[in-house]
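1. What would the 3D arrangement of this be:
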Amino acid sequence: MASKRDKRRHFVLGKDFRSDGKQRITKGKDYLVEGGTKITHEETVDIVNEFSKRLKKEGHPDASTAAEILKDVLHDRRQRN
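-> Okay, the predicted model is just below:
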């Protein structure tokens, strides 16, 4: 029988407040991103997707660990640009 920890899942919701008048929604298995311009929506999807992958890799950690993972994802993203 699977342990309670094994059954935990996450779902990430990303909201981009920039707009060019078009509605954009992208849904993945573990995330949903809404809003943004063509460029910023794609960037937000990349960030949310990477965050979701790292959460899964870490075994769906608690909120404080998830916050650290998000900081790492954003830092890595900033270093690439």
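
2. so how far is stretch 41-60 from its chain's centroid?
-> Distance of stretch 41-60 from the chain centroid (CA atoms, centre = their mean, to the nearest Å) equals 4 Å.

3. who's in contact with the residue nearest the centre of the chain?
-> What sits nearest the mean C-alpha location of the chain, by CA atoms, centre = their mean, is Val48, with 2.1 Å. Contact analysis of Val48 by CB atoms under 8 Å, 6 or more residues apart in numbering lists Val12, Gly14, Gly28, Tyr31, Val33. The C-beta positions use only the backbone N, C-alpha and C, and glycine is treated the same way.

4. buried ones in stretch 31-44?
-> Tyr31, Val33, Glu34, Gly35, Gly36, Thr40, His41, Thr44 (16 or more other CB atoms under 10 Å).

5. From those, pick the one nearest Ile69.
-> Nearest to Ile69 among the buried residues of stretch 31-44 is Tyr31, at 13.7 Å by CB to CB.

6. Alright, that wraps it up for me.
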